[in-house]
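Peer 1: Task: produce atomic coordinates for the following.
(2 chains, ligands or ions: 2)
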Amino acid sequence: MFGLKEGEMIATREAYGKALVELGKKRKDVVVLDADLSKSTKTCFFAAEFPERFFDFGVAEANMMSAAAGLALSGKVAFASTFAVFATGRAFDQVRISIAYSDANVKVCASHSGVTVGEDGASHHALEDMALMRTLPNMRVVVPADAVETFKIIHEIADIYGPFYVRLTRPKVPVLPEHDFKLGEASVMRDGDDATIVATGIMVSKALEAAEQLARKGISTRVLNMHMVKPLDEKAVVKAAKETGYIVTAEDHSVIGGLGAAVSEHLGETHPTPIARVGTRDHFGISGKPEELLENFGMSTRHITKAVEELLH
Amino acid sequence: MQLNAELVKDLEKKARRLRKDIVEMTAEAGSGHPGGSLSAADIVAVLYFYQMRHKPENPEWPDRDKFVLSKGHAAPVLYAALAESGYFAVSELKSLRKLGSMLQGHPDRVKIPGVEISTGSLGQGLSASVGMALAAKLDKKDTRVYCLIGDGECEEGQIWEAAMSASHYNLDNLTAILDRNKLQIDGSTKEVMSIEPIADKWKAFGWHVTVIDGHDIRAIIKALNAKTPKGKPYIIIANTTKGKGVSFMEGVVDFHGKAPTREEASKALEELKCLD
Ligand SMILES: Cc1ncc(C[n+]2csc(CCOP(=O)(O)OP(=O)(O)O)c2C)c(N)n1
Ligand SMILES: [Mg+2]
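Peer 2: Ligands and ions are numbered 1, 2, ... in the order given. Below you'll find the model as predicted:
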């Protein structure tokens, strides 16, 4: 997996599927659950390799989540996967009580988050999943930005007890330039001192493009890759606010309750800073191609660039 | 019940028209769910072109019967039926799943005339139908609510919550139709999560149950118009073939959520034309 080259295109869900197989070889206590979407979430790779440790629950997400908790509370490390809308919306109370409240060792790994799901439309665009998961005590929220990070995250969280929500995406994303990665700490993808873009997941590569465009206009922009939205790397956020003065957040999620909200909440309390949030704004998704939708909803590279410029003016 | 041969022929033709629309629109969109749309085409054709009281020119007509597509991913068959009924232009079908189109990947009640409720998250439509049937009883209306569910969808707990409430409230104005095409996404229902004995389950939940060939227009009409016990909700278990009508899609699990290529689409349209 680390043979991946910078710029190579691979979906984080694909990397997740491959990581599970590696993990399954290393650890006999890893079990995987899915709800009739294993070919999409890529748990099918694990199912093929370890059929006795894979459980397809059919179209029954609520049942799957509580069953995952049961497995976990019996000594297994349970990875439960489906689309993000169903993992967090359909089965919210099961995740809340059976997993989070019970502090069960379940890793809820959901694919197909955000508007970049594309043509399936609003019913399948999870724009509130981070918000829902952030509100749950004991739950940590992780969003890998590329395949390499996904691989590292899946292996690391298997060794950390307790509930995690891992947010994966459908379309292929470029492997990012090599960077330091420490779980829970924002990676500085690019340094700068006029403004900071705090991005997560699929938006990190766009933030880097935006920083490049801004550099050509003489604006020096720091880019923080916030792979952990909860607990948030508050230190890195405050440092960026103090050193660069302006913050723009970017996420394929509603600005209500997600990364932009987490950053704003913390800065509002500790270090009020001019901030702009790029994300969806209190509306459902619509059908279209992923890139078209990012453009349509004001979440493309161009919009991130514009958000920084407007904030500075 | 004596059925006029002409009528049956005409409905068969209408069902084929829906199938052509399904193939064309998913091919044009480059995504979507042809398999479970094709399996339901005969049922939906009978509902829209024979059975239901509805007014395409007045979708909100208060005395209409209602159709809820609980298995919302089969949106193409619903959109085809709505367009061919006159709710909107057939030419709209080409815009399926495209940016700015009203024809969303899954049924959108707010954008599309004739859609009774937004679906796409499996298991919710039958509960919504229970609500509509309850309202009709409250309002002393003779509205009938028809709800199409999938066999994979029957794995959702909510389906059984809905089933229980429908018989508890004696909703004999509710007809569910189960598209028993034996496939879901990860494989057959038998392999993924067995739902059998499915007829016995519905009976145990207090429903009147009939099992038919879901591609036999006469059988569909007869079942929809059968006299059923007073006070009981009614389910028609329609045995179907996923991808029905297109040889290379029939029984092929991959065509659940994969659109035909241009070439596959012309082959499919050729096959369907030969039957006219
Ligand atoms: C709550 C929920 N979980 C998962 C999905 C994803 N999904 C879409 S269709 C499908 C399989 C449905 O199988 P079935 O009901 O048999 O549909 P059909 O064969 O008629 O197409 C699944 C799992 C969904 N739409 N909603
Ligand atoms: Mg099915």
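Peer 1: Quick check: buried residues in the helix or strand A:L23 falls within?
Peer 2: Assigned by DSSP states H and E, A:L23 belongs to helix A:12-26. Across helix A:12-26, burial judged by 16 or more other C-beta atoms under 10 Å in any protein chain shown covers A:12-24. Placement of C-beta: from N, CA and C, glycine included.
Peer 1: so what's the closest residue to chain B within the stretch 101-250 of chain A closest to, chain neighbours aside?
Peer 2: Using C-beta to the nearest C-beta, the single residue of the stretch 101-250 of chain A nearest to chain B is A:S123, 2.9 Å away. Once flanking residues are discounted, A:S123 sits nearest to B:G120: 2.9 Å by C-beta to C-beta, 6 or more residues apart in numbering or on different chains.
Peer 1: For stretch B:229-238, give me every contacting residue.
Peer 2: Residues from elsewhere that reach stretch B:229-238 (C-beta atoms under 8 Å, 6 or more residues apart in numbering or on different chains): B:43, B:133, B:163, B:166-167, B:170-172, B:174-180, B:198-199, B:202, B:206-214, B:220, B:223-224, B:228.
Peer 1: what's residue 145 in contact with, if anything?
Peer 2: Chain wasn't specified; assuming chain A. A:A145 sits next to A:T12, A:V173, A:L176, A:A199, A:T200, A:G201, A:I202, A:V204, A:S205, A:N225, A:H227 when contact means C-beta under 8 Å, 6+ apart.
Peer 1: try chain B instead
Peer 2: B:V145 is in contact with B:D65, B:K66, B:F67, B:V68, B:S129, B:M132, B:A133, B:A136, B:N173, B:L174, B:T175, counting by C-beta under 8 Å, 6+ apart.
Peer 1: Check these against ligand 1 and report the nearest one.
Peer 2: B:V68 (14.2 Å; C-beta to the nearest ligand atom).
Peer 1: Hmm, that closest one is touching B:S118, no?
Peer 2: No - using C-beta atoms under 8 Å, B:V68 and B:S118 do not qualify as a contacting pair, with a distance of 10.4 Å.
Peer 1: Using JSON lines, lay out the contacts of B:V145 together with pLDDT, distance to chain A and secondary structure.
Peer 2: Formatted as JSON lines, those follow (pLDDT from 0 to 100; distance: C-beta to the nearest C-beta, whole Å; DSSP: H, G, I helix; E, B strand; the rest coil):
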{"residue": "B:D65", "pLDDT": "98", "distance to chain A": "24", "secondary structure": "coil"}
{"residue": "B:K66", "pLDDT": "98", "distance to chain A": "20", "secondary structure": "strand"}
{"residue": "B:F67", "pLDDT": "98", "distance to chain A": "18", "secondary structure": "strand"}
{"residue": "B:V68", "pLDDT": "98", "distance to chain A": "14", "secondary structure": "strand"}
{"residue": "B:S129", "pLDDT": "98", "distance to chain A": "18", "secondary structure": "helix"}
{"residue": "B:M132", "pLDDT": "98", "distance to chain A": "19", "secondary structure": "helix"}
{"residue": "B:A133", "pLDDT": "98", "distance to chain A": "23", "secondary structure": "helix"}
{"residue": "B:A136", "pLDDT": "98", "distance to chain A": "26", "secondary structure": "helix"}
{"residue": "B:N173", "pLDDT": "98", "distance to chain A": "27", "secondary structure": "coil"}
{"residue": "B:L174", "pLDDT": "98", "distance to chain A": "22", "secondary structure": "strand"}
{"residue": "B:T175", "pLDDT": "99", "distance to chain A": "22", "secondary structure": "strand"}
